[in-house]
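1. Next input, structure requested:
(2 chains)
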Amino acid sequence: MGDRGAGERFGVFGLKCEISDMRFQISDLKCQISRLRGAVRRLLVCWGALFWLLGLTGAGADAQEPPRPVSDVVAVDHPNDVGTAVDVSWTLSPDDKPNDEPIPDPNAVPSLLSGYHILRKQPGEESFVLVGKQSAQAGEFTDRKKVVRGEPYLYQVVAVGPGGTSAGVETAEAVTPVRGLFRTDRGWLAVILLLICGAVVAFIVVAKSGRELFIRKIPGLEAVDEAVGRATEMGRTCLFVPGILDINDIQTVAGITVLSHVASLTAEFGARLEVPTSRSLVMTTARETVAAAYLAEGRPDAYREDDIYYLTDEQFGYVASVTSKMMQEKPAACFYMGSFYAESLILAETGNAVGAIQVAGTAQPSQLPFFVAACDYTLIGEEFFAASAYLSGEPVQLGSLRGQDVGKMLVASLLIVGCVAATWASVTGSASANAVVTFLQNNVLGRGGFLP
Amino acid sequence: MKRTVPLMIAATTGFVLIVSYFIPYTESWGEDAMTWFNILAAIAFILGGGNLLRMQLQKISDRRPGWGYAAVTLAAFVITLFFGLFKIGVQPTAAFPTNAWAAPYDREGSALWWCVEYLYRPLASTMFALLAFYIASAAFRAFRAKNTEATILLVTAFIVLLGRTYIAGIVREWLPEGLQSLSFDNMTNYIMSVFNLAGMRAITIGIALGVASTSLKVLLGVDRSYLGAGDE
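-> This is a model prediction of the structure:
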């Protein structure tokens, strides 16, 4: 009444006040409705989440049941080892279903199994101890956890699921790991190695008897003399980079043997030879090699130890230093002989930019295209390993190259047999041809043979 | 003697490593041989580090061109060595909360870690990034149609290059159903899995034979050039 009176009393202004008041009340009501809606929505979300969780865990009392146990648990000594491993295998629990199996009913109870626990004990011990876990669908496990050779072990496998663990199933007999006499899984590699090495030794013996052996010309190695001669004429240095790996890598050893020949030439021609290394042992080996070459040429006075130096083990630090040296001193001949990675192209392109004649050799197939593109001559694969024998010209060493040829013939024969058998098998469907292909793939060409 | 003893050591170690690969009884011998190599390499590092110091000091004292860089190298070497040896800024681990010395020298947050993370790695990445330019310049020289072989190489490289880009997908959509095998990506896959793979395998077989032959020469003492000077 008071409000109305005030409205009448103040005319239009009072009416505006009343409208404003009503608007405020409507807004308040809207706010309450909105809060109510929010509460209902939250309630629905909670219910939904609860239903979803129940659905995910198997909905109800069924999901809480432990999985059924595995069967046929067998433990055997791991073959081809020193007796420190045991292979355990089992038949999967009936509740272990593969994930990709089509689900007829999407609302069906999902697998009750999440994995397996493998336990171990020695006869006489009371309880089993966990030694490993395996995921669902895995029926094998190799125990390498402090397995002692000659000690007997019993194993137990337990299926584990959200509802708990199954009853444990044990092996019937204890297994005792023993040391194998020979790695039978590497038998074919041993045979191949014996054949190739036998051929190399045989041809070395033949060469020692004085029989002449024909070796084809390798342009990259013929170019070494030319490169050193050019450096001498120009009065610039020869740079030899022996790769970035240590002396225990065979490529570095092969590179050092080429260095020996290059050093002989620089000693003979009176050119300066620089050898930056990325490994300390390579530095000491290179120093000994170069000193020997200078001594053999009757120029021990010309040998400069400081020209063979260590830079850093770090790949790109080494590259930065060598390339800066190249830009400063502009060597006339660059030799890259050893193991290279990403730095190969940086080195070779810098050498190209300073106008050096470049000869490269590596056994890294991924780096060969870079050297081929940027260098004048590249020793590809086996040519690099043949360099030492080729450059020395010693009949005994040349004999080893002929031994390599026997290896190539062996590989070529296997390739031909494999190709013919595979073609015959696909055309005629012959089971025996298929057997030959499978045998070659699994043995000679498999992990036990050429691909250890 | 100076060459005979190293040769015997090399031959014995080499044969032990071969035998240990095939006979489980000798497996640990091979591991021992590698441990000895690591010990030798660690000792040799002192030689390398000493040589580096001497060379850089000589360059600075003779004021040779670029001696400033030698000073930077020397400073970096000494500072890094100091940070690593004295474990500067290394925080203790949860296993030994009261003893920072028990923590690894390159633990996250240490001064050495900082140097590697914020100085060495960016510099190494910069050097690596230079490869992009070098690949372009090398490709420019290599892919010139000077003769038949070079032209084949150029065409092959062009196909493979386009096959690795988005253009391959666009071109494939334009091609009719019957000509899908001629799309750049299909041709690239064929080139890589047939021609390229066959070539790479041939090279790899050659390398494997070369490795076997060279190793045998070293072990039998047929090739002794790596042993340096000395009386027999």
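2. For the lengthiest helix in chain B, what is the distance to the chain centroid?
-> Ranked by residue count, the top helix of chain B under DSSP state H comes out as helix B:27-61. Averaging C-alpha coordinates over helix B:27-61 and over its chain gives two centres that are 18 Å apart (Cα atoms, centre = their mean, to the nearest Å).
3. And stretch B:62-74, by the same measure?
-> Taking mean C-alpha positions (Cα atoms, centre = their mean), stretch B:62-74 and its chain are 27 Å apart.
4. mind listing what A:Ala231 touches?
-> With contact set as Cβ atoms under 8 Å, 6 or more residues apart in numbering or on different chains, A:Ala231 has these partners: A:Thr237, A:Cys238, A:Thr266, A:Ala271, A:Pro331, A:Ala332, A:Ala333. From N, CA and C alone the C-beta is placed, and that goes for glycine too.
5. so the residue in the stretch 301-450 of chain A positioned nearest to chain B is in which element?
-> Among the residues of the stretch 301-450 of chain A, A:Phe385 lies closest to chain B, at 3.0 Å counting by Cβ to the nearest Cβ. Under the criterion DSSP states H and E, the helix or strand holding A:Phe385 is helix A:382-392.
6. just A:Gln358 next, same as before
-> For A:Gln358, the enclosing helix or strand under DSSP H and E is strand A:357-362.
7. so where's chain B uncertain?
-> When the per-residue scores of chain B are filtered using pLDDT under 70, the ranges that remain are B:228-232.
8. re the thing from before, any residue of the strand holding A:Gln358 up close to chain B?
-> No - using Cβ under 8 Å from any Cβ of the partner chain, we find that strand A:357-362 stays clear of chain B, coming within 9.4 Å at best.
9. Show me the shaky parts of chain A.
-> If you take pLDDT under 70 as the line, chain A has these spans: A:1-64, A:99-111, A:447-452.
10. hey, where'd the strands end up in it?
-> Along chain A, the segments classed as strands by DSSP state E run A:71-77, A:86-91, A:115-121, A:129-135, A:140-143, A:154-161, A:164-165, A:169-170, A:237-241, A:272-277, A:308-310, A:333-337, A:357-362, A:377-380.
11. domains of the chain?
-> In the absence of a named chain, this looks at chain A. The record's domain parsing of chain A by automatic domain parsing lists A:2-56, A:71-170, A:213-393.
12. Chain B is the one I meant
-> In the recorded assignment (automatic domain parsing), chain B comprises B:1-85, B:90-132, B:143-232.
13. thinking again about what came up before, indicate which one of the domains of chain A is closest to B:Tyr21.
-> For B:Tyr21, the closest of the domains of chain A is domain A:71-170, at 11.4 Å, according to Cβ to Cβ.
14. which residues in the chain form helices?
-> You didn't pick a chain, so chain A it is. Using DSSP H, the helices assigned to chain A run over residues A:2-10, A:12-56, A:187-208, A:219-234, A:250-269, A:280-296, A:315-329, A:343-353, A:368-374, A:382-392, A:395-428, A:431-439.
15. could you do chain B instead?
-> Ranges of helices in chain B, per DSSP H, are B:4-22, B:27-61, B:67-85, B:111-115, B:121-142, B:148-163, B:166-174, B:184-190, B:197-220.
16. Compare those helices and give me the one nearest A:Gln358.
-> Closest to A:Gln358 of those is helix B:121-142 (Cβ to Cβ; 12.1 Å).
17. Buried ones in that closest one, by neighbour count?
-> The neighbour-count check on helix B:121-142 (16 or more other Cβ atoms under 10 Å in any protein chain shown) flags B:Ala124, B:Met127, B:Leu130, B:Leu131, B:Tyr134, B:Ala138, B:Ala142 as buried.
18. show me the contacts for residue 160.
-> Just so you know, I chose chain A. A:Val160 neighbours (Cβ under 8 Å, 6+ apart): A:Pro67, A:Leu113, A:Ser114, A:Gly115, A:Tyr116, A:His117, A:Ser166.
19. The intended chain is chain B.
-> By Cβ under 8 Å, 6+ apart, the residues touching B:Val160 are B:Thr188, B:Ile191, B:Met192.
20. tell me which of the residues you listed is nearest to A:Leu368?
-> Top of the list for closeness to A:Leu368, among the contacts of B:Val160 and by Cβ to Cβ, is B:Met192 at 15.8 Å.
21. Just list the residues touching that closest one, thanks.
-> Contact criterion Cβ under 8 Å, 6+ apart gives B:Val160 as the residues in contact with B:Met192.
22. what separates it from B:Thr204, distance-wise?
-> To B:Thr204, B:Met192 is 15 Å away according to Cβ to Cβ, to the nearest Å.
23. Adding neighbour count and distance to A:Leu311, write the contacts of A:Ala231 out as TSV.
-> Below are those laid out as TSV (neighbours: other Cβ atoms under 10 Å in any protein chain shown; distance: Cβ to Cβ, whole Å):
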residue	neighbour count	distance to A:Leu311
A:Thr237	22	16
A:Cys238	28	18
A:Thr266	28	20
A:Ala271	24	22
A:Pro331	26	16
A:Ala332	23	21
A:Ala333	30	20
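24. rewinding a little: kindly reformat the helices of chain A as JSON lines containing distance to A:Tyr303.
-> Formatted as JSON lines, the helices of chain A follow (distance: least, Cβ to Cβ, whole Å):
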{"stretch": "helix A:2-10", "distance to A:Tyr303": "115"}
{"stretch": "helix A:12-56", "distance to A:Tyr303": "78"}
{"stretch": "helix A:187-208", "distance to A:Tyr303": "31"}
{"stretch": "helix A:219-234", "distance to A:Tyr303": "16"}
{"stretch": "helix A:250-269", "distance to A:Tyr303": "8"}
{"stretch": "helix A:280-296", "distance to A:Tyr303": "4"}
{"stretch": "helix A:315-329", "distance to A:Tyr303": "19"}
{"stretch": "helix A:343-353", "distance to A:Tyr303": "24"}
{"stretch": "helix A:368-374", "distance to A:Tyr303": "29"}
{"stretch": "helix A:382-392", "distance to A:Tyr303": "20"}
{"stretch": "helix A:395-428", "distance to A:Tyr303": "24"}
{"stretch": "helix A:431-439", "distance to A:Tyr303": "57"}
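25. quick one, which of these is nearest to B:Glu27?
-> Of all these, helix A:187-208 sits nearest to B:Glu27, with 15.1 Å by Cβ to Cβ.
26. Can you spell out which helices and strands pack onto the closest one?
-> Contacts defined by 3 or more Cβ pairs under 8 Å, 6 or more residues apart in numbering or on different chains; DSSP states H and E place helix A:187-208 against helix A:395-428, helix B:197-220.
27. rerun at 10 Å
-> Using 3 or more Cβ pairs under 10 Å, 6 or more residues apart in numbering or on different chains; DSSP states H and E as the contact definition, the elements that helix A:187-208 packs against are helix A:395-428, helix B:4-22, helix B:197-220.
28. residues contacting the residue nearest to B:Trp36 when sequence neighbours are not counted?
-> Nearest in space to B:Trp36, with sequence neighbours left out and distances taken as Cβ to Cβ, 6 or more residues apart in numbering or on different chains, is B:Thr13 at 7.8 Å. With contact set as Cβ atoms under 10 Å, 6 or more residues apart in numbering or on different chains, B:Thr13 has these partners: A:Asn248, B:Trp29, B:Gly30, B:Asp32, B:Ala33, B:Met34, B:Trp36, B:Phe37, B:Leu219.
29. same thing with A:Gly243?
-> A:249, A:251-252, A:254-256, A:277-279, A:282, A:336-341, A:343-344, A:361-364.
30. any idea how far A:Val258 is from it?
-> If you measure A:Gly243 against A:Val258 using Cβ to Cβ, the figure is 11 Å.
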